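**Student:** Dropping a prediction and its sequence here:
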Amino acid sequence: MTFTINTQTVIGDSFLKHATITFDAYVTGGLAIVPADFGLNVIDNVLFPSNLLGHKWPVEYDRASKKIIVYTNASPPQQLHNAASMTDLTIDVMVVGK
C-alpha cells in the first residue's frame, strides 16, 4: 500500500490532507494506517469522497482499530476477504489531523 499526498490545507491548528492510497492486497480486518503515513502526529478524522461517487469498493475508517475497512458493493455490503487482490486499486482520502 502506498500513500501520495496530493494537497494540504491548514484549518486552524489542524491539517486537511487530500491523499491517494494505492492498494495491493487486502487483509481481513482492514488495512492499518498511522499518522506518519500522511505526515501527521495524530489522525482526527478520515473521509472518503469516493464513497459519495458510488465507488466500486465502499470504504470506511475504523477509529478503534485505526484501519481502513473495504467492502464489496453487494447488498448488503460485506467486508472483503483476506488476501483479496486489489492490485492498483486507488482511492481518494481526506485526512484531518495534527
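**Tutor:** Sure, I can see it. Numbering: from 1, shown residues only.
**Student:** contacts, neighbours, all on C-alpha from now
**Tutor:** OK.
**Student:** Share the number of residues neighbouring Pro35, please.
**Tutor:** 16 (other CA atoms under 10 Å).
**Student:** who's in contact with it?
**Tutor:** Contacts for Pro35 (CA atoms under 8 Å, 6 or more residues apart in numbering) come out as Asn41, Val42, Ile43, Gly97.
**Student:** Any of those buried? List them.
**Tutor:** Buried subset of the contacts of Pro35 (neighbour count, 16 or more other CA atoms under 10 Å): Ile43, Gly97.
**Student:** Among the contacts of Pro35, which ones are in strands?
**Tutor:** Ile43, Gly97 (DSSP state E).
**Student:** Output the contacts of Pro35 in a markdown table; the columns should cover pLDDT and distance to Thr22.
**Tutor:** Shown next, in a markdown table, are the contacts of Pro35 (pLDDT from 0 to 100; distance: CA to CA, whole Å):
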| residue | pLDDT | distance to Thr22 |
| --- | --- | --- |
| Asn41 | 98 | 22 |
| Val42 | 97 | 21 |
| Ile43 | 97 | 19 |
| Gly97 | 97 | 21 |
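**Student:** Now do the buried residues in stretch 66-80.
**Tutor:** Quick answer for stretch 66-80 (16+ other CA under 10 Å): Lys66, Lys67, Ile68, Ile69, Val70, Tyr71, Asn73, Gln79, Leu80.
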